[in-house]
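Participant: need a structure here:
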Amino acid sequence: MEMDGNAVSSIYQDIPTEIGKTYKLTFAFSPRPNIVDNKLNVKWGKTSVAQLDKSGEGLFDTDWQVYNYEIPSLCSSTRLSFDNLNETSDGLGSFIDAITLEESPSNLIANGSFETGKVDNDRLFTDWTVTGNIERLSSAPAFESDFGLAFNYGGKEANGSFSQTFATIPSAKYDLKFYSYENGNNEDALSFAQVQVNGGKTLVDKIVEASSKTWEPSTYSFVADSSSTTLKFSDRSTGNLDGTDFNLDNVSVTLSANQPACSR
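Facilitator: Below is the predicted model:
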């Protein structure tokens, strides 16, 4: 499709969406050959997804580039729009094609089950920033799949922490969930972890005790106040930790199905 065939233009479609789901938007964009001014603005509801500006100067044919974006839904119906309204109309527009929208995995946390890491060093699991005494274990039973995470494994000092930063939408509500349990039988050990969610300010700050010998879930909700948010877990265990450690697995952050009032 050509934008600005006769005048600057806008197209849109109102799409039934499920609140709390994330979608993958894909489209192709090409500047018009030998035309300098080629703009494309993409919006998802009220949110700007992309503002593209490509020059076709020196091109003898179209130069298609494929763009992919992960976009969450806050409403039961969301408007997807494309326009070049900020371009000077000259009747020679840029091109878009192959627009698709499909549901994506909803967990915003990468490697939340700690399945990916270096085989020769269990401390180095991917996507997380890690400090202190933390081990990625396959020897202890995991909640999901093959690996879990252990604070102070082997009676080491309780000084471990790990964190991950992920993209969020200001004013959107999110649900954090993870599973923990105390692995070991030392009655003098008290297994605690601090969980924090930080955006522009502290959104969650809780102490979790792993007192059960089976996996137990913990859930917290928060409303994002910035475009990026950091989740952090820190070991706060006390007492004689020899033979007992705090185990964690299956960490997820998803858009809540119960959102504040939305605008399409």
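
Participant: What distance do you get for Pro170 to Leu74?
Facilitator: Using CB to CB, to the nearest Å, we find Pro170 at a distance of 11 Å from Leu74. Where you see a C-beta, it was placed from the backbone N, CA and C, and this is true even at glycine.

Participant: now do Ser226
Facilitator: In this view, Ser226 and Leu74 are 16 Å apart by CB to CB.

Participant: got it, and Val208?
Facilitator: Look at Val208 and Leu74: by CB to CB, they are 28 Å apart.

Participant: And for Val130?
Facilitator: Plainly put, Val130 is 32 Å away from Leu74 if you go by CB to CB.

Participant: what does the domain assignment say about the protein?
Facilitator: 10-104, 129-255 (automatic domain parsing).

Participant: Quick one: the strands in the stretch 101-250 of the chain, in order.
Facilitator: For the stretch 101-250 of the chain, the strands defined by DSSP state E, counting those that start in this stretch cover 129-131, 134-137, 148-151, 161-167, 173-183, 189-190, 192-198, 202-209, 216-223, 228-235, 238-239, 245-255.

Participant: so what's the most centrally placed residue in the chain up against?
Facilitator: Nearest to the mean C-alpha position of the chain, counting by CA atoms, centre = their mean, stands Leu108 at 2.7 Å. With CB atoms under 8 Å, 6 or more residues apart in numbering as the criterion, the residues that contact Leu108 are Thr22, Phe166, Ala167, Thr168, Tyr174, Ser252, Val253, Thr254.

Participant: Closest one to Leu101 out of the residues you listed, please.
Facilitator: For Leu101, the nearest member of those is Thr22. The distance, counting by CB to CB, is 11.1 Å.

Participant: quick one, what contacts that closest one?
Facilitator: Residues counted as contacts of Thr22 (CB under 8 Å, 6+ apart) are Glu70, Ile71, Pro72, Ser73, Glu103, Ser104, Pro105, Ser106, Leu108, Leu255.

Participant: can we see that at 7 Å?
Facilitator: Contacts were defined as CB atoms under 7 Å, 6 or more residues apart in numbering; by that measure Thr22 touches Glu70, Ile71, Pro72, Ser104, Ser106, Leu255.

Participant: tell me the SS of the closest residue to the last one other than its chain neighbours?
Facilitator: Translated: Leu255. Of all residues not flanking Leu255 in the chain, Gly20 sits nearest, at 4.1 Å (CB to CB, 6 or more residues apart in numbering). When classified by DSSP: H, G, I helix; E, B strand; the rest coil, Gly20 comes out as coil.
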